[in-house]
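# Structural data only, the sequence is not supplied:
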């Protein structure tokens, strides 16, 4: 045997890493103080955080006043959350009659239950629930919110407002835009030149202009487009504008989903003898819709934030109603509290949804990688 | 199935496909129908609109553009008075939109790149703070952020008489941020000439440095030298010609400041909010662009002995830029479109003075909205044309 | 067989008691290795055995926590200058080629000579062409990596490393990502390189290659060197049970 031969028969044990590379100290050394520049950066960031966070926490929590009737209750020198707590129900329901707000609650509880059902992976009958959400629920919600039948009193839309209006705009905007989006996306991928150019023009037109001009258009021009006898509700006008605008964005999401379906799926469906609509409806769209969910959630987030623009055409969404509250002479000077509250509400919704969509994206990503 | 058994259709050449079974004809009919429906729809709208306009006594056409506007605008980049025409209003609004968009794009880009790079920092704290920034600001409506800066911060500033003074030169109050205005005197042209020379010289220097490196392998920090020249030469010229510049101080007269330059609070609020909001999105684009360059690329470059700076400059950035530019341009486009929120706080942008005031005064909704939308559409088309050009030029060559 | 040939006594790479952890996980356990000038070493072992990590420690793509590494008389420590010196002298070929997709083949090869060695461009391109010719791919010099096959890309990657005129070459599973018909063209280039006297450390499962060119074969498992020997003895008479088990798996495959 040559001198190059070496054999180890006893395996070496696993040893713990050296003290200074693990534990909190090792972690800090690696992640916070690995070099001079890093140390300076860490200290500088800590200083900035100290300057920003300490007074904020002090103001928002430690020195804040939470409950009371008027601004006189705010004596501690910090945030005056009384402004928010006294008007809380207005911020949620707008000018909806107080004894009828259970109808809004019920409508949103129903929606929440159905969405939760769809989002929890293990529950059965997802197809039936989807049909309920898309086709049955809108009718139920309409009668709950607007009334006019089943012994429910009519509540005019100008009384709607606050967070519930924000949600109504966003949910209707996205649900109604979905079918248009699907049609536009199919049209854009179609081989018929006229259909294709119609869809391209429509999509690019709406994606090219700001939502605010669309809302202006819906509120000023729409009444000119219809016979003088027909009058449109202000809310309905805003909704038409939002849906036209949103369906263009939705079309692009759908197109992205369709592009992700491998060509083999189309070929297999055609080989089975399915015609265009059966191929799309039974094979392609069901797969593509699943892939589109993250994109749909992302457009929903964008729309949810954009609904705040309706205050410019005079609807009282969450931001507008707080803004109106701030002009109340009895509550002048509490705008920071008001905006902080609105920001918090929007942030919770948007952040939650964006985490959900990221989770889905990762899920699909791994799911497809393994195939 | 039965049909197929009885008549193998391929062997019967004279059998005619039924009209409705020919895909080409079906498509043709479908498209003709579509055109008819759309034309009918448009015709109906036009008819209704004409009737409505007539019954309300609204004139049509673009004659209003030459009529006198009769209202003032707080910020005008070109000469404008109340007796100017609506056409001039349009231009003033457009220029204000361009101003705030350009300012916003610059700050949002710088901030966004810094935060995007910070998110990838190996310093845990810095990365966390950067990602907190992104998560906070992109999940709060922009309009709310504009309101916050305008109503909660800038409107809370003191009145002009009690302005916050900085070095007795800058004044911050509820009416805006006032600063001295530089008034170039005779001889200042020399400074411009020096700047021009410096720019040209830098260009020549950078070209020469590259040629020299190609020839000898040696190079020197030409970019730093150029920067020094561009800053230094005009300064030298300025001092040599006896500092031909006078600063006009803002002075408190009555209830407000006169003279100097001012940034209106509306512009400031819009600028800050647009920059902060868009920076959150740009940061994400930058982060994913850099992450899109695989770790193997950095490893291979390092293994060749390139220093960290050169790995970034020669390998990571050229690849990341291809991923970053397209979504970045669409963020710029979003910023321009979002600047229309100006109307909510009264910054005199295109939508505010044209689709707002002008529309209300003239009632010519169709023409006004059409012109406004056309501006944004043109911008979008220009940007997407740029993106197509960029993508085709920069696409990585694949098999 | 070249197994018995006389080697230079200069030590090119020396690893003494090298230990590395990923968090709590002990990935390299007391690795000791001396590579002499001109020596060809093949490292094999099951996946996750630490063989790639070992060679990636040599040019500091991975940082070790304990032990010493000396490459061409330069001590590998936290000093950036030392790291750059070592990287200049050590070439590396990766499993996934890692060519720069935004540069042509020629630019890929000339990049490091221009920016690290400060060679004039014309000269750097000459060097690049020389090595591209050696890996028999000079006709593709103006194409982009994305236009080449895997085998061609890997040969370009080898040429790119050679352009820096390294004293040691590290190969990290250079044929694992290749289609079977392309493995040979890459191995042929590696064999030629070995015959010219290059000091090489190869992590590979190509046992045929190990038998032909290696001076020494090293078997690693669970982060430690289990057995090392000249190829004949290693393949015909493995001493450790783990080596025997590994060889029977890989050879009967």
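Alright, I've got the coordinates. Being a predicted model, the structure only gives us computed values, none of them experimental.
# The residue of the stretch 1-150 of chain B found nearest chain C and residue B:197, how far apart?
Closest to chain C within the stretch 1-150 of chain B is residue B:122: 12.4 Å, counting by CB to the nearest CB. Glycine gets a C-beta too; all of them are placed from N, C-alpha and C. For residue B:122, the distance to residue B:197 (CB to CB, to the nearest Å) stands at 43 Å.
# Could you check which of the two is surrounded by more residues?
Under the criterion of other CB atoms under 10 Å in any protein chain shown, the comparison of residue B:122 against residue B:197 puts residue B:197 first, with 15 against 12.
# what secondary structure does the residue of the stretch 1-150 of chain B closest to chain C sit in?
coil (DSSP: H, G, I helix; E, B strand; the rest coil).
# Give me the buried positions along stretch B:22-34.
Within stretch B:22-34, the residues that qualify as buried are B:27, B:31, counting by 16 or more other CB atoms under 10 Å in any protein chain shown.
# number of nearby residues for residue A:23?
Residue A:23: 12 neighbours (other CB under 10 Å).
# For chain B, just list every one of the strands.
Per DSSP state E, chain B carries strands over the ranges B:164-166, B:170-173, B:176-179, B:181-184, B:245-248, B:251-253, B:256-258, B:261-263.
# right, and the residue of the stretch 1-150 of chain B closest to chain C touches residue A:31 too?
Yes. With contact defined as CB atoms under 8 Å, residue B:122 reaches residue A:31; the gap is 7.1 Å.
# Which stretches in chain B count as helices?
Taking DSSP state H, the helices of chain B run over residues B:2-6, B:23-56, B:86-119, B:124-138, B:142-147, B:189-216, B:222-240, B:265-292, B:295-303, B:308-310, B:317-338, B:350, B:359-362, B:365-394.
# which one of those has the most crowded surroundings?
By mean neighbour count, with neighbours taken as mean count of other CB atoms under 10 Å in any protein chain shown, helix B:350 ranks first of the helices of chain B at a mean of 28.
# pLDDT-wise, which helix or strand of chain A ranks last?
Ranked by mean pLDDT, DSSP states H and E, the weakest helix or strand in chain A is helix A:23-31, scoring a mean of 78.
# got the buried residues for the very next helix or strand once past it?
Using DSSP states H and E, the helix or strand that follows helix A:23-31 towards the C-terminus is helix A:36-57. Neighbour counts over helix A:36-57 (16+ other CB under 10 Å) mark A:38, A:41, A:42, A:45 as buried.
# Show me what the following helix or strand past helix A:36-57 is packed against.
Per DSSP H and E, the first helix or strand lying C-terminal to helix A:36-57 is helix A:82-86. Where contact means 3 or more CB pairs under 8 Å, 6 or more residues apart in numbering or on different chains; DSSP states H and E, helix A:82-86 is packed against helix A:335-369.
# Check whether residue B:133 really touches residue B:114, as I assumed.
No. Counting by CB under 8 Å, residue B:133 stays clear of residue B:114, with 10.1 Å between them.
# hang on, the earlier thing: spit out the contact partners of the residue of the stretch 1-150 of chain B closest to chain C.
When contacts are counted by CB atoms under 8 Å, 6 or more residues apart in numbering or on different chains, residue B:122 is found next to A:31, A:34, A:38.
# List the contacts of the residue of the stretch 151-300 of chain B found nearest chain A.
Nearest to chain A, among the residues of the stretch 151-300 of chain B, is residue B:152, at 4.2 Å (CB to the nearest CB). Contacts for residue B:152 (CB under 8 Å, 6+ apart) come out as A:335, A:336, A:339.
# Output those residues in a markdown table, with pLDDT appended to each entry.
Output for the contacts of residue B:152, formatted as a markdown table (pLDDT from 0 to 100):
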| residue | pLDDT |
| --- | --- |
| A:335 | 83 |
| A:336 | 86 |
| A:339 | 90 |
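# of those, list those near chain B.
Contacts with chain B within the contacts of residue B:152, counted by CB under 8 Å from any CB of the partner chain: A:335, A:336, A:339.
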